[in-house]
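Enquirer: Take a look and give me a structure for this.
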Amino acid sequence: MEDLKEHKKHYATEHEKHFKGKEISDVILGGQDGLVNVLGVTLGVASATNDPLITLVAGLAATFAETISMAAVAYTSVKADRDYYQAERKLEEEEVEKMPEHEIEEIREIYAKKGFKGKLLNDVVKVITSNKKVWVDTMMTEELNLSLRFGGSPLKSALVVFIAALIGSLIPLIPFALFNLLSVANAVIVSVVLSVIVLFIVGVIKARLTIGNWFTSGLELAVIGMSAAFAGYLIGWGLGKVFGTNVASVV
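Expert: Down below sits the predicted model:
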């Protein structure tokens, strides 16, 4: 029975970690995506116009478009996951209600495969099936492999992603907000350096919270982000060549 109590304690702890992990994932996703996308747009516009004010305005427009879009995607995706989870849970509850013997046998098979035997196995099955919520929770995770994170709040996920994307998106724009102090060329350099540092730090944090070498993870995120930004720069440079250096006056 003590082993069973330890198992339930571990079960609850792991689910707490999963919920925290989902929030951390939203923060990293929103922040990284916002920074990379806006950095690409910013460098592209800067190279095409050579105008810090136009670059800043374009970057801010991209920032709000990006954050709203990502928040909307986070909301709809989490809501879809939650709806699917709840539909499967309702079906599982009906099966527990209508065919309890079959569901009890499934619980037994699940824990028998985990190595539980004899009296301990019987105790595990008895305790789990004596509480309908615990019973259904177990069937959802052990049989269907559906984590309780699928039952998360779409609004909370959207808010976390929105804030993270907003903060990430504003980072590349900071040097261009100082257009009275920095030329466009210097603002580009500062923006790139600042973005590389932030991306590297995010990569390090991701490795610390998950798995992998911290330096490799940081370098990987920085390289991916800079690749996207360089692509934006090339597009802006190309457009500047196609339409001429008077793009700024047209805009």
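Enquirer: just the strands in the stretch 51-200 of the chain please.
Expert: Applying DSSP state E, counting those that start in this stretch to the stretch 51-200 of the chain gives no strands.
Enquirer: give me the low-pLDDT residue ranges for it?
Expert: 148-152 (pLDDT under 70).
Enquirer: Helices of that one, start to end?
Expert: 52-98, 100-113, 118-129, 132-138, 154-170, 174-177, 184-209 (DSSP state H, counting those that start in this stretch).
Enquirer: Distance to residue 233 and mean neighbour count added to those helices, as TSV?
Expert: From N, CA and C alone the C-beta is placed, and that goes for glycine too. Shown next, in TSV, are these (distance: least, Cβ to Cβ, whole Å; neighbours: other Cβ atoms under 10 Å):
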stretch	distance to residue 233	mean neighbour count
helix 52-98	12	17
helix 100-113	54	15
helix 118-129	58	15
helix 132-138	50	16
helix 154-170	17	21
helix 174-177	14	20
helix 184-209	8	18
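Enquirer: Compare these and give me the one nearest residue 42.
Expert: helix 52-98 (4.4 Å; Cβ to Cβ).
Enquirer: Distance from the closest one to the middle of the chain?
Expert: 10 Å (Cα atoms, centre = their mean, to the nearest Å).
Enquirer: Next: stretch 119-134.
Expert: Chain-centre distance of stretch 119-134: 35 Å, with Cα atoms, centre = their mean.
Enquirer: which one of the helices of the stretch 51-200 of the chain lies closest to residue 146?
Expert: helix 52-98 (5.6 Å).
Enquirer: How much space separates residue 131 from residue 157?
Expert: Using Cβ to Cβ, to the nearest Å, we find residue 131 at a distance of 29 Å from residue 157.
Enquirer: Equivalent analysis for residue 67, please.
Expert: In terms of Cβ to Cβ, residue 67 sits 14 Å off from residue 157.
Enquirer: repeat for residue 95
Expert: 29 Å.
Enquirer: Could you do residue 206 as well?
Expert: 18 Å.
Enquirer: Over to residue 129?
Expert: Taking Cβ to Cβ, one finds residue 129 at 33 Å from residue 157.
Enquirer: what do you get for residue 202?
Expert: 18 Å.
Enquirer: same thing with residue 42?
Expert: In terms of Cβ to Cβ, residue 42 sits 27 Å off from residue 157.
Enquirer: Can you give the contact residues for stretch 75-93?
Expert: With Cβ atoms under 8 Å, 6 or more residues apart in numbering as the test, stretch 75-93 has contacts from 132, 136, 139-140, 143-144, 146, 150-155, 157-158.
Enquirer: who's in contact with the residue lying closest to residue 194 once chain neighbours are set aside?
Expert: Distances taken as Cβ to Cβ, 6 or more residues apart in numbering put residue 171 closest to residue 194, at 6.2 Å, once the chain neighbours are dropped. Shown in contact with residue 171 (Cβ under 8 Å, 6+ apart): 35, 39, 194, 195, 198.
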